[in-house]
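In: No letters, just coordinates:
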C-alpha cells in the first residue's frame with residue numbers, strides 16, 4: 001500500500017517538474033508578438049521587445065529589458081515589467097489586466113480591459129505615472145534642440161470607443177523642470193520652472209493641448225492649441241499660442257539684451273508676451289502679438 005507521504009512526494013515532484021518546464025519552455029517570443037499586436041491596436045507604429053519573458057505568480061508574465069519604440073524612435077527602456085490577469089475576470093468575455101513597470105527610476109501602475117470582440121482589442125486602459133525622471137527617457141535624450149530634466153507624474157486614460165474614435169487623455173505634472181537650450185536665446189541657456197502642468201487629449205492624428213501652465217523663478221505662463229501628428233514626429237505641424245511673463249530676475253536680464261523695439265518693456269513686465277507657434281516640431285516658427 002502506498003503511503004500518503006509517498007503520494008504527496010509524487011504530487012510535489014509533478015508540480016515542480018511542471019513549473020520547471022513552464023519556465024524553461026515558456027514561449028517568450030510568442031508573448032512578445034502578442035503584446036505587439038495589442039500595441040498596434042492602439043497605434044500601428046508602436047512596438048516593443050524584451051530581453052526575457054517568464055511566467056510569474058500570481059498568474060501572469062514578468063519581462064526584463066523592455067524597449068518601447070514608435071516607428072524608428074526609441075521611446076523608453078523599462079528595467080522590468082509585469083502583467084497579470086485579475087482572477088475574477090479569467091472566465092469572463094472581458095479580461096481585466098494589471099500591469100506595473102519600472103521606468104527611468106520611477107514607476108507605472110496601470111489597468112486595462114481587453115474587449116470581448118477580438119483577442120487584441122484594448123477597450124479601456126488607464127495608468128498612473130510616478131517619479132519618472134525626464135532626463136532618463138530615451139525619447140527626451142533624442143531631442144536635438146534642448147534638454148529636459150525634472151520628475152514626471154500623472155494619470156493617463158485610453159478609451160478605444162471603436163477605431164478611429166479612440167481617445168487618449170492625460171494630466172501630467174513635472175516638478176523641478178529645467179530646459180537646457182543647446183543654442184542660447186539672447187544669452188539665456190537654461191530656463192528653470194518649479195512646476196509645469198498639462199492636460200491633453202489625442203484623437204486620431206490630432207494632439208490637443210487643453211492647457212499647459214508653468215511657473216517658476218524665471219517665468220510663468222500658459223500654452224494651448226493643437227499639434228497635427230505626422231511621421232516622423234519632427235514633421236508634426238504646430239498650431240499653438242500662449243503667453244509668457246518673465247519674473248523680476250529674468251525681466252531685468254531681458255531689458256539689457258533684447259533689441260530696442262522688439263517688445264514693449266512696460267507691458268512685458270505686467271502682461272507678459274503673447275506668442276504663436278507654427279511650422280513643424282523640427283522647424284518651429286515663432287511670432288509675437
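Out: Alright, I've got the coordinates. Computed from a prediction, not measured in an experiment: that's the story for all the values here.
In: Neighbours of residue 87, how many?
Out: Neighbour count of residue 87, defined by other C-beta atoms under 10 Å: 10. Quick note: C-beta positions are derived from backbone N, CA and C, even for glycine.
In: and what of the one 10 residues further on?
Out: Here the number of neighbours of residue 97 (other C-beta under 10 Å) works out to 18.
In: The residue nearest to it when sequence neighbours are not counted - how many residues pack around it?
Out: Closest residue to residue 97 apart from its sequence neighbours, by C-beta to C-beta, 6 or more residues apart in numbering: residue 112 at 4.5 Å. Residue 112 is flanked by 18 other residues according to other C-beta under 10 Å.
In: For residue 112, give the beta-bridge partners.
Out: residue 97, residue 125 (DSSP bridges).
In: So the closest residue in space to residue 175 that isn't next to it in sequence: helix, strand or coil?
Out: Excluding the flanking residues, the one nearest residue 175 by C-beta to C-beta, 6+ apart is residue 151, at 4.9 Å. Here residue 151 is recorded as strand under DSSP: H, G, I helix; E, B strand; the rest coil.
In: How about residue 151: which residues does it bridge to?
Out: Here residue 151, judged by DSSP bridges, has bridge partners residue 133, residue 175.
In: ok, how many other residues are close to it?
Out: Residues near residue 151, counting by other C-beta under 10 Å: 18.
In: Could you measure from it over to residue 172?
Out: 11 Å (C-beta to C-beta, to the nearest Å).
In: Repeat that for residue 96.
Out: Counting by C-beta to C-beta, the gap from residue 96 to residue 172 is 25 Å.
In: so what's residue 148 up against?
Out: Residues counted as contacts of residue 148 (C-beta atoms under 8 Å, 6 or more residues apart in numbering) are 134, 135, 140, 177, 178, 179, 180.
In: what's the average pLDDT for the helix or strand that contains it?
Out: Assessed by DSSP states H and E, residue 148 sits inside strand 146-159. Regarding strand 146-159, the rounded mean pLDDT is 90.
In: Next, the angle from the helix or strand residue 130 falls within to strand 146-159.
Out: According to DSSP H and E, residue 130 maps onto strand 122-133. Angle, strand 122-133 to strand 146-159, by axes from the mean of the first three to the mean of the last three C-alpha atoms, to 10 degrees: 150 degrees.
In: Quick check: buried residues in strand 122-133?
Out: 122, 123, 124, 125, 127, 129, 132, 133 (16 or more other C-beta atoms under 10 Å).
In: Low-confidence regions, the stretch 101-250 of the chain specifically.
Out: 115-121, 161-165, 186 (pLDDT under 70).
In: which residues in it form helices?
Out: Taking DSSP state H, counting those that start in this stretch as the test, the helices found in the stretch 101-250 of the chain are 138-141, 248-257.
In: Return the most buried member of the ones you listed.
Out: Highest mean neighbour count of the helices of the stretch 101-250 of the chain: helix 138-141, a mean of 16 (counted as mean count of other C-beta atoms under 10 Å).
In: Remind me what it packs against, helices and strands.
Out: strand 73-85 (3 or more C-beta pairs under 8 Å, 6 or more residues apart in numbering; DSSP states H and E).
In: and the strand it packs on, which residues are buried?
Out: Neighbour-count burial for strand 73-85 flags 75, 76, 78, 80, 81, 83, 84, 85 (criterion: 16+ other C-beta under 10 Å).
In: min pLDDT across the residues you listed, which one?
Out: For the buried residues of strand 73-85, the minimum pLDDT belongs to residue 85; the value there is 79.
In: can you pull up the bridge partners for that one?
Out: Bridge pairing for residue 85 - DSSP bridges - gives residue 97.
In: what's the answer for residue 129, then?
Out: residue 108, residue 154.
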